[in-house]
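A.B. asks: need the 3D shape of this:
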Amino acid sequence: MTSSAPPGRVIPAAPAGPGKLRAYLGIAPGVGKTYEMLRDARARRRSGTDTVVAHWERHARPATPAQLAGLEVLPARVITYQGTSFAEPDVTTVLDRRPELAVVDELAHANLPGEQHARRWQDVSELLANGIDVYTTLNVANIESLGEIVSRITGVHRAEPVPDAFVRAGEITLVDLAPSALRQRLAQGLVVPAERADAALSSYFRFANLAALRELAQLWLDDSVPDPVSAFLSARGISGPVNASVIVVGLEGSPADEWLIRYAAHVAGLSDARLQGVYVRALDNLDQPPEARLEKDRRLLGELGGTLRAVRAGDPASGLIRAARKAGACQLVIGSRRRSRWSRLLTGATVADQVLRAAGDLPVQVVNVGRPDKNSDEWRRPRHDARQHRTA
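C.D. replies: Numbering: from 1, shown residues only. The predicted structure is shown next:
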């Protein structure tokens, strides 16, 4: 979607000083950073500023492309890497065009191998050095000093970082949206495709996650707070470094444990974390733990580099959450059986439901573990081995 520069446009002389950066900072994807950035760029264009769009992310959100009206969109540079084509902003074209303002979406982007710069923020730095103002976007997760704590909150790998000093050197506009409003947008299919909305709502976009990310953004923007991460942790009674190197898997002493342990071991391997299995016993000692099953679990965990711990609690949900917090878990993995709506109404909340309600900011991943086969002792695993809800 491109438009030509107005006829008779006079190319401005090279400016005397560096350009100015404006970063649109969001608490999470979907808050409207790109929309607001393009809207403001249109306003600058109407006021007479020579403005171009060097790059904008196509998020399949219908309201965003409409904000390109009246803006000159420069052609992207198409790069083929390992058989796949990527559209990247063309820094050379922007420098040759020499606008007063360039829009470059997604500041925290890793460039492909072989490019002049390893990161997009370095491309933007070159534009600024040549006297071109830049509007750009990023999320709280991309602020380098906040990356580790955001990963801890959300349970996902650290996002691409941008140095704090680079962002702070310019103007910062917080694109603020209440967690409830963002979740409503998500539920309406305005952020991700409708078929992915439920999974997103129960994972990265949990209310507790969004509230925490919003608080982090506000602390980081507050000049009177010297260490936003320490302030955030202190408000929650946490001191010292955050240990994010343990995956805890909740076990129920059933044949489903085997698949769940293997799944959790895979997650631990991806994040280079230790693996710990937890089985919750009743406080009154009246339960009869399936010792043979737990011994199998212990052996399997040992083979996969993990350990098994049995704890006592008044109910499995509180026991699992307490054990995960004590272990400093970066994620709690639990299983859930697929049930019909009528079954849920008749039997009430499952352990997984209870864990999700009480987890707070503890990242939880709920994995569908199938159901027992009525005709045998074998466990019927779900098709494709998982129907997951990631909760963080």
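A.B. asks: neighbours around R58, how many?
C.D. replies: 11 (other CB atoms under 10 Å). All C-beta atoms are positioned from the backbone trio N, CA, C, and that covers glycine.
A.B. asks: within the helices and strands, which one has it?
C.D. replies: Under DSSP states H and E, no helix or strand contains R58.
A.B. asks: who's in contact with it?
C.D. replies: By CB atoms under 8 Å, 6 or more residues apart in numbering, R58 lies in contact with P65.
A.B. asks: okay, it: pLDDT?
C.D. replies: We have a pLDDT of 77 for R58.
A.B. asks: how about E252?
C.D. replies: 86.
A.B. asks: residues near it, how many?
C.D. replies: Quick note: E252 (other CB under 10 Å) scores 19 neighbours.
A.B. asks: surely G131 is within a strand?
C.D. replies: No - the assignment for G131 by DSSP: H, G, I helix; E, B strand; the rest coil gives coil, which leaves it out of any strand.
A.B. asks: how much space between the residue nearest the centre of the chain and H157?
C.D. replies: Centroid-nearest residue in the chain: Y204, 5.5 Å away (criterion: CA atoms, centre = their mean). Look at Y204 and H157: by CB to CB, to the nearest Å, they are 12 Å apart.
A.B. asks: R120 contacts D105, correct?
C.D. replies: No - R120 is not in contact with D105 according to CB atoms under 8 Å; the separation is 9.1 Å.
A.B. asks: re the thing from before, my guess is the residue nearest to the centre of the chain meets I153, correct?
C.D. replies: No - counting by CB under 8 Å, Y204 sits too far from I153 to count as a contact (9.5 Å).
A.B. asks: quick one: which helix or strand includes the residue nearest to the centre of the chain?
C.D. replies: Counting by DSSP H and E, Y204 is found in no helix or strand.
A.B. asks: would you list the phi and psi of it?
C.D. replies: For Y204, the backbone dihedrals (degrees, to the nearest 10) come out as phi -60, psi -30.
A.B. asks: pull the CA atoms of stretch 354-368 into PDB?
C.D. replies: The C-alpha trace of stretch 354-368 is given here as PDB (Å, rounded to 0.1, in the frame of the first residue of the first chain):
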ATOM      1  CA  GLN A 354      -8.400 -24.000  41.400                       C
ATOM      2  CA  VAL A 355      -4.700 -23.500  40.600                       C
ATOM      3  CA  LEU A 356      -5.500 -21.000  37.900                       C
ATOM      4  CA  ARG A 357      -7.700 -19.000  40.200                       C
ATOM      5  CA  ALA A 358      -5.100 -18.900  43.100                       C
ATOM      6  CA  ALA A 359      -1.900 -18.700  41.100                       C
ATOM      7  CA  GLY A 360      -1.600 -14.900  41.100                       C
ATOM      8  CA  ASP A 361       1.600 -14.000  39.200                       C
ATOM      9  CA  LEU A 362       3.000 -17.600  39.200                       C
ATOM     10  CA  PRO A 363       3.200 -18.700  35.600                       C
ATOM     11  CA  VAL A 364       1.100 -21.900  35.000                       C
ATOM     12  CA  GLN A 365       0.800 -24.000  32.000                       C
ATOM     13  CA  VAL A 366      -2.300 -26.300  31.900                       C
ATOM     14  CA  VAL A 367      -1.900 -29.300  29.500                       C
ATOM     15  CA  ASN A 368      -4.600 -31.600  28.300                       C
END
